[in-house]
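Engineer: Compute the structure for the input listed below.
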Amino acid sequence: MLNRRLLMTSLGATTIVALGPSTSLAASIKPDNASALLVIDVQNCFLPGGSLAVKDGDQVVPVINRIAKSFANVVLTQDWHTSGHVSFATTHSGKKPFETIDLPYGKQVLWPDHCVQGTEGAALSKDLSIAHAGLVIRKGSNKDVDSYSAFTEADGKTTTGLAAYLKARKVERVFLTGLATDFCVAWSALDARKAGFETYVVEDACRGIDTQGSLAKAWADMGEAGVKRIQSSDIAA
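Structural biologist: Below is the predicted model of the structure:
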């Protein structure tokens with residue numbers, strides 16, 4: 001899936017490299033006005049009991065709430081699909097969830113119906129407590145195109161406007177959290193790099209689906225693109 005898409009950067013006095021799975025930063029990163037937290041798709045459909053529940057997805061919420069206090073700039077995203085969306089297995093006769101099909105923009109994983117506009121499943125978790133979030137991006141509302149990334153739809157052409165929003169606010173660094181690591185978080189991280197942002201994925205503030213090796217591939221693709229893999233404890237309060 002993640003076939004779209006350098007390593008030493010400095011942040012104040014802290015020097016960071018692209019990280020492997022068990023590496024933690026030696027010093028804390030202190031978010032400033034050039035930093036933004038992106039909270040990806042923490043919606044009821046992806047939480048326990050939802051139609052496309054991510055295992056332990058609810059465990060990201062307290063971590064996100066805690067680190068969000070350190071960020072002046074916070075953006076939330078929501079999957080916001082139509083009924084009969086092209087990414088739903090039920091839209092395609094004889095197909096089952098997690099099978100793939102070919103669409104004009106490439107391979108598409110077929111999902112259980114989820115995050116349909118205006119439904120309770122599409123709502124953000126009631127336990128998120130980030131009143132100062134400045135923007136909610138709704139993505140995937142085009143019935144014929146999926147949209148994992150917070151920046152660009154799956155056709156690789158249609159943008160959400162998020163990069164322009166962040167650049168207008170002079171944001172240079174983005175920190176990604178949410179669901180799911182191997183799909184919407186990873187695609188957002190890769191597109192953030194393409195847009196020129198220093199990009200960090202906060203591993204313990206994310207959870208993955210991991211279908212057919214997707215989680216390992218996502219981390220490999222992100223590492224190759226220069227995405228930094230950190231823990232919430234690496235972010236200074």
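
Engineer: Buried ones in stretch 126-143, by neighbour count?
Structural biologist: Leu128, Ile130, Ala133, Leu135, Ile137, Arg138, Lys139, Gly140, Asn142 (16 or more other C-beta atoms under 10 Å). (C-beta placed from N, C-alpha, C; glycine too.)

Engineer: State the distance from the residue nearest to the second one when sequence neighbours are not counted to Leu103.
Structural biologist: Spelled out, it's Ile130. Spatial nearest neighbour of Ile130, excluding adjacent residues (C-beta to C-beta, 6 or more residues apart in numbering): Ala68 at 4.6 Å. As judged by C-beta to C-beta, to the nearest Å, Ala68 and Leu103 stand 35 Å apart.

Engineer: Looking at those two, which one has more neighbours?
Structural biologist: Ala68 (22 against 15; other C-beta atoms under 10 Å).

Engineer: Quick check: phi and psi on Gly118?
Structural biologist: phi 80, psi 0 (degrees, to the nearest 10).

Engineer: just the strands in the protein please.
Structural biologist: Counting by DSSP state E, the segments of the chain that form strands are 9-11, 14-16, 35-40, 73-79, 100-103, 106-109, 135-139, 173-179, 198-207, 228-230.

Engineer: can I get these in TSV with distance to Thr159 and mean pLDDT?
Structural biologist: Formatted as TSV, the strands of the chain follow (distance: least, C-beta to C-beta, whole Å; pLDDT from 0 to 100):
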stretch	distance to Thr159	mean pLDDT
strand 9-11	24	30
strand 14-16	28	34
strand 35-40	15	98
strand 73-79	13	98
strand 100-103	19	94
strand 106-109	17	92
strand 135-139	10	97
strand 173-179	15	98
strand 198-207	17	98
strand 228-230	24	97
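
Engineer: can I get these in TSV with distance to Ala236?
Structural biologist: Formatted as TSV, these follow (distance: least, C-beta to C-beta, whole Å):
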stretch	distance to Ala236
strand 9-11	11
strand 14-16	10
strand 35-40	11
strand 73-79	16
strand 100-103	42
strand 106-109	37
strand 135-139	24
strand 173-179	12
strand 198-207	13
strand 228-230	12
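
Engineer: what about the residue nearest the centre of the chain, distance to Val109?
Structural biologist: Nearest to the mean C-alpha position of the chain, counting by C-alpha atoms, centre = their mean, stands Val185 at 2.3 Å. Separation of Val185 from Val109 (C-beta to C-beta) stands at 15 Å.

Engineer: For the closest residue to Ala34 other than its chain neighbours, list the residues it contacts.
Structural biologist: Beyond its immediate neighbours in the sequence, the residue positioned closest to Ala34 (C-beta to C-beta, 6+ apart) is Glu172, lying 4.3 Å away. For Glu172, the contacting residues are Ala34, Ser35, Phe197, Glu198, by C-beta atoms under 8 Å, 6 or more residues apart in numbering.
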